[in-house]
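Enquirer: sequence and computational prediction follow.
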Protein chains: 2
Amino acid sequence: MTMHFVDMIENRVSTNAFDPNKDVPADQIRQLVRLATHAPTAYNLQNWRFVAVHSQEARARLRAVANDQSKITDAAVTFIIAGSLPDHADVAPRLRPAVEAGFMPQRMADGWVDAVRQAYEHHPGRQRDEAFRTATFAGATLMFAAQAFGLASCPMGGFDPDGVARAFGLAPTEIPVMLLAVGHAAEGNWPAKPRRPVAEVLSLV
Amino acid sequence: MTMHFVDMIENRVSTNAFDPNKDVPADQIRQLVRLATHAPTAYNLQNWRFVAVHSQEARARLRAVANDQSKITDAAVTFIIAGSLPDHADVAPRLRPAVEAGFMPQRMADGWVDAVRQAYEHHPGRQRDEAFRTATFAGATLMFAAQAFGLASCPMGGFDPDGVARAFGLAPTEIPVMLLAVGHAAEGNWPAKPRRPVAEVLSLV
């Protein structure tokens, strides 16, 4: 499906009712995550982790720690999108391919290690904020990628983060930022809710 | 420009060098924000605010509180994207158009007021997290909308949040979550940095 992205944005809705009988195959799940990882991250840290909750057992396990929302068992797959707390030890391996490709000087990559250390090391609040930005950028990208594949989606913030972390073995440094249900829409979904006028939310200076 | 969104994702780069002589007109800035507000928000709160930093004076003012990054004065416009702390008092006015359009029952809209109160009222951490999710969803949508318009962009987390809030009169409830430079790319930008293999970041369960 080729559609102008402006139309995609205007036609997207957060889907509430999914068809429980239609699957999204594992190959397509991997494609969605591959596309999500093209989202930007600070210092190219790529500080994310995706858990694709696909099997019936795993979906039931997730639903139990996510306000019992039926869309989690109805949608073909729900992604747990976690942001990792930035760690300067990750910078060198993340940048090595850019250095080896010849466009990023090694000296600059070394400098980014120090920059990440200074930006986050003693700032737990900044670490958490960065995890939220990273995971949400990835989630937004995955949401639009799903739409481009003709799939419906619904981002969800209503879940028990500690319960999700325990039930799916997230590390203490991996913060579950959102759930994103992806599947095929059923009948009876609402249209998108009207938005506030631009003049109410924009200051042009 | 109509391009399959999959190609858009794969071809996007965070632009470092902008052409300082090419503008983005105010009408296009408003269109970008209008599209950004189609991003999803919890309970349709639309808890965001956009400051489009466009004039030379305002761009210099922003650069002074954003690590002196030259792209802020080179890019035609840099958006300050703020997330507002969720407030249950906002729910009724945000949902009224959906009730008036006839698809959302009034009783459900009333229920969401209580749901928002319970979810956030005594949970400052959840309020902040929601502001981050909201503003980042909006920023990601604006970033892709800019690309669809043939514009380059660069999201930035490196700024002094208190300084930005003071310099641009944000309310204490408005959290500046990211800056997003938008303009025309100059020569000499790098390609996108390589990404980690999907198998390293995805668990399929």
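Expert: Perfect, thanks for sending it. Numbers count the residues shown, from 1 in each chain, chains lettered A, B, ... in the order given.
Enquirer: now the helices: where do they sit in chain A?
Expert: Using DSSP state H, the helices of chain A run over A:5-11, A:26-36, A:56-63, A:70-74, A:91-100, A:106-120, A:124-148, A:161-167, A:198-201.
Enquirer: which strands or helices does the shortest one pack on?
Expert: Spelled out, that is helix A:198-201. helix B:26-36, strand B:48-53 (3 or more Cβ pairs under 8 Å, 6 or more residues apart in numbering or on different chains; DSSP states H and E). Bear in mind the C-beta positions are built from the backbone N, C-alpha and C, glycine included.
Enquirer: in that helix, what's buried?
Expert: A:198, A:201 (16 or more other Cβ atoms under 10 Å in any protein chain shown).
Enquirer: contacts for it next, please.
Expert: B:30, B:33, B:34, B:37, B:46, B:48, B:49, B:50 (Cβ atoms under 8 Å, 6 or more residues apart in numbering or on different chains).
Enquirer: circling back: pick the most buried one from the helices of chain A.
Expert: helix A:124-148 (a mean of 24; mean count of other Cβ atoms under 10 Å in any protein chain shown).
Enquirer: how about that helix and chain B, any contact?
Expert: Yes. Shown here: helix A:124-148 in contact with chain B (Cβ under 8 Å from any Cβ of the partner chain) through A:129-130, A:132-133, A:136-137, A:139-141, A:143-145, A:147-148.
Enquirer: nearest residue to the middle of chain A?
Expert: Centroid check for chain A by Cα atoms, centre = their mean gives residue A:139 as the closest residue, at 2.4 Å.
Enquirer: would you agree it is in contact with residue A:177?
Expert: Yes. Taking contacts as Cβ atoms under 8 Å, residue A:139 lies within contact range of residue A:177: 7.2 Å.
Enquirer: what's the overlap in contacts for those two?
Expert: What both residue A:139 and residue A:177 touch, as defined by Cβ under 8 Å, 6+ apart, is the set residue A:81.
Enquirer: coming back round to it: how about the helices of chain A, which one is nearest residue B:104?
Expert: helix A:70-74 (17.4 Å; Cβ to Cβ).
Enquirer: so how far does stretch A:27-47 reach from one end to the other?
Expert: The first residue of stretch A:27-47 is 23 Å away from its last residue (Cα to Cα, to the nearest Å).
Enquirer: does chain B have contacts with that stretch?
Expert: Yes. On the criterion Cβ under 8 Å from any Cβ, stretch A:27-47 is in touch with chain B at A:29, A:30, A:33, A:34, A:35, A:37, A:38, A:39, A:40, A:42, A:44, A:46.
Enquirer: what lines up beside the longest strand along chain A in the sheet?
Expert: Selection of the longest strand in chain A by residue count, based on DSSP state E, yields strand A:174-183. With DSSP bridges as the test, strand A:174-183 is paired with strand A:77-84 (antiparallel), strand A:152-156 (antiparallel).
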